[in-house]
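In: Here is a sequence with its predicted model. Questions after.
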Amino acid sequence: MNPYVTTAFNPLLVALSFVFAVVGSFVALTAAGRVNQLGGRQSLSNVLTVGVSLGGIGVWSMHFIGMLALDMDVGSSYSMVDTFASLLIVIVATSWTVSFAAKSPDNLPRLATAGVLLGMSVVVMHYLGMFGLKINGYIRWDYGVVVLSMVIAIVAATAALWLAFNSPTLNRRIAAALAMGVAVCAMHYTGMYAAEFVCTTESRNAIPQGASYISSFRLPTLVIAITLMMTALLSVDQLLQYLRSKPAGTAASMR
């Protein structure tokens, strides 16, 4: 019996993962640019928007769409504990690092520090998500490629923070979101390239069972539901911000 798992990628789902990364990045860049422009609750709201859009949609949802793009000739499932922990970590870390960098966006050492922290949070999210993938076997890692994926994540995160505070026009934000989409996908698929799956049972199609496990066949429904929920929350938040700013604009016009 050949213990090595045969893998292939579905190009349509790979393309969809890129779309998720770009959309999440665009919303995050737009919100991040307003963090210092508004005070109080609206500023906090935009920080949370950055966390949910970049961390939740641009990174987490992209990661699991990318995982769905991976076809393997073995049964698989996912640990919900690890899956939701990875989502919480990347949202909290993204929100905090953007808030940290926004206090002094022209301070390059501060920006670089935030970039390293943000990049490593993406790395933790990715490999925790990978740990949550369960097969009847194990993953053998190429640690040189793992380190390369870390470097890509840190460089991409630092670039994202710089672009977040230096992309005032729509065209520049679109270009920045496309660049971030490429960078996030590059980190993910580099990390995937570092993994070699080894099956240790003759029942290759058996799906690993556990108290908090969900079959990989049910994962698309979960990811889509969570992504739609996050998108709805962001839409409501942006609508409320628009409604709050409208009377102020009207009053200013009258004056």
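Out: Received it, and whenever you're ready, just let me know what you need. Please read these numbers as outputs of a predicted model, since none were measured by experiment. Numbering: from 1, shown residues only.
In: any idea how far the residue positioned nearest the centre of the chain is from Val19?
Out: The residue lying closest to the centre of the chain (C-alpha atoms, centre = their mean) is Val59, at 1.0 Å. Separation of Val59 from Val19 (C-beta to C-beta, to the nearest Å) stands at 14 Å. No exception for glycine: its C-beta is placed from N, CA and C like everyone else's.
In: ditto for Gln209
Out: Per C-beta to C-beta, Gln209 is found 33 Å from Val19.
In: try Arg204
Out: Note on Arg204: its distance to Val19, by C-beta to C-beta, is 32 Å.
In: Which of these two has more residues huddled nearby?
Out: More crowded of Arg204 and Val19, by other C-beta atoms under 10 Å: Arg204, with 18 against 12.
In: secondary structure class for that one?
Out: coil (DSSP: H, G, I helix; E, B strand; the rest coil).
In: List the contacts of it.
Out: Residues in contact with Arg204 (C-beta atoms under 8 Å, 6 or more residues apart in numbering) are Asp73, Val74, Gly75, Asn136.
In: Buried only: go through these for me.
Out: By neighbour count, with 16 or more other C-beta atoms under 10 Å, the contacts of Arg204 hold Val74, Gly75, Asn136 as buried.
In: Let's have these in CSV, adding secondary structure and distance to Glu196.
Out: Formatted as CSV, these follow (DSSP: H, G, I helix; E, B strand; the rest coil; distance: C-beta to C-beta, whole Å):
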residue, secondary structure, distance to Glu196
Val74, coil, 13
Gly75, coil, 18
Asn136, coil, 15
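In: can I get those in CSV with pLDDT and distance to Leu233?
Out: CSV is the format used below for those (pLDDT from 0 to 100; distance: C-beta to C-beta, whole Å):
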residue, pLDDT, distance to Leu233
Val74, 88, 36
Gly75, 88, 34
Asn136, 90, 37
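In: measure the residue nearest to Phe26 when sequence neighbours are not counted to Pro105 for me?
Out: If the residues on either side of it in the chain are set aside, Phe26 comes closest to Ala177, at 3.7 Å by C-beta to C-beta, 6 or more residues apart in numbering. Distance, Ala177 to Pro105, by C-beta to C-beta: 18 Å.
In: ditto for Gly119
Out: Separation of Gly119 from Pro105 (C-beta to C-beta): 17 Å.
In: Just want to know which of the two has more residues nearby.
Out: For Gly119 versus Pro105, the count of surrounding residues by other C-beta under 10 Å is larger for Gly119: 25 against 20.
In: any chance you could map the strands in the stretch 101-250 of the chain?
Out: 133-134, 137-141, 195-199, 213-215 (DSSP state E, counting those that start in this stretch).
In: could you say what helices and strands the first one packs with?
Out: Here strand 133-134 touches strand 77-79, going by 3 or more C-beta pairs under 8 Å, 6 or more residues apart in numbering; DSSP states H and E.
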